[in-house]
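>>> let's see this in three dimensions:
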Amino acid sequence: MKKSSLLAICALLAVTLFSQTDSTSSPYKRFPSFPPVRLLKTDSSSFFTKNDLDKKASVLLILFNPQCEHCQLETAAIIKHIDKFRHIQIVMATYAPFDSMMAFRERYQLANYKNIVVAQDTHYFLTSFFTIYSLPFLAFYNRKKELITVFEGSMPVEKILAVFEK
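This next block holds a predicted model:
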């Protein structure tokens, strides 16, 4: 009787241990839809949220730092080929100070493009959601706002567009 009770307890313990979810994986892997962001818009009084996404467009979420040379080059490359991004909404989020974000927006004249949103992640939500180690960080979402893939670092425009064509 003692052996069968001990065996039952061991079996229950084994099932419990192996059924635990991996709490070390990034939240975006467990929740592969567009994150519940609340980003401070450039008017400094309103917020950009998931509900503001274009319902018909795919989304390229770019986390950047205005001082990052790779982020600057990536932005310049996208702007150079902006006509190829007509059906892609680009959300550029930064945790950098508001004035740096605004200077970056002005430098690349990002306000001139209706499919680009520049906003500040005031609560550093995206950094922990994606477990980011390097910038720029790109997250690709399809029209249903489901995650396609993520990429850390600079990526040629042709490869960015190829991700959305799959």
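>>> surely L138 is within a strand?
Yes: assessed with DSSP: H, G, I helix; E, B strand; the rest coil, L138 lies in a strand.
>>> nearest spatial neighbour of it, skipping sequence neighbours?
Distances taken as CB to CB, 6 or more residues apart in numbering place F151 nearest to L138, at 4.6 Å, with adjacent residues excluded. From N, CA and C alone the C-beta is placed, and that goes for glycine too.
>>> now do the SS call for the one you found.
Per three-state DSSP, F151 ends up strand.
>>> right, and Y28 touches L147 too?
Yes: contact status for Y28 versus L147: in contact at 6.5 Å, counting by CB atoms under 8 Å.
>>> overlap in contacts, those two.
Between them, Y28 and L147 share these contacting residues under CB atoms under 8 Å, 6 or more residues apart in numbering: A139.
>>> show me the shaky parts of this structure.
For the chain, applying pLDDT under 70 flags the ranges 1-24.
>>> ranges for the strands of it?
Ranges of strands within the chain are 38-41, 47-49, 58-63, 88-94, 116-120, 137-141, 147-152, based on DSSP state E.
>>> pipe those strands into TSV and attach mean neighbour count and distance to M102 per row.
Shown next, in TSV, are these (neighbours: other CB atoms under 10 Å; distance: least, CB to CB, whole Å):
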stretch	mean neighbour count	distance to M102
strand 38-41	17	11
strand 47-49	15	15
strand 58-63	23	17
strand 88-94	23	10
strand 116-120	23	8
strand 137-141	22	21
strand 147-152	15	25
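>>> in CSV: the ones you listed, plus distance to K159.
What follows is the strands of the chain, written out as CSV (distance: least, CB to CB, whole Å):
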stretch, distance to K159
strand 38-41, 26
strand 47-49, 26
strand 58-63, 12
strand 88-94, 14
strand 116-120, 19
strand 137-141, 10
strand 147-152, 8
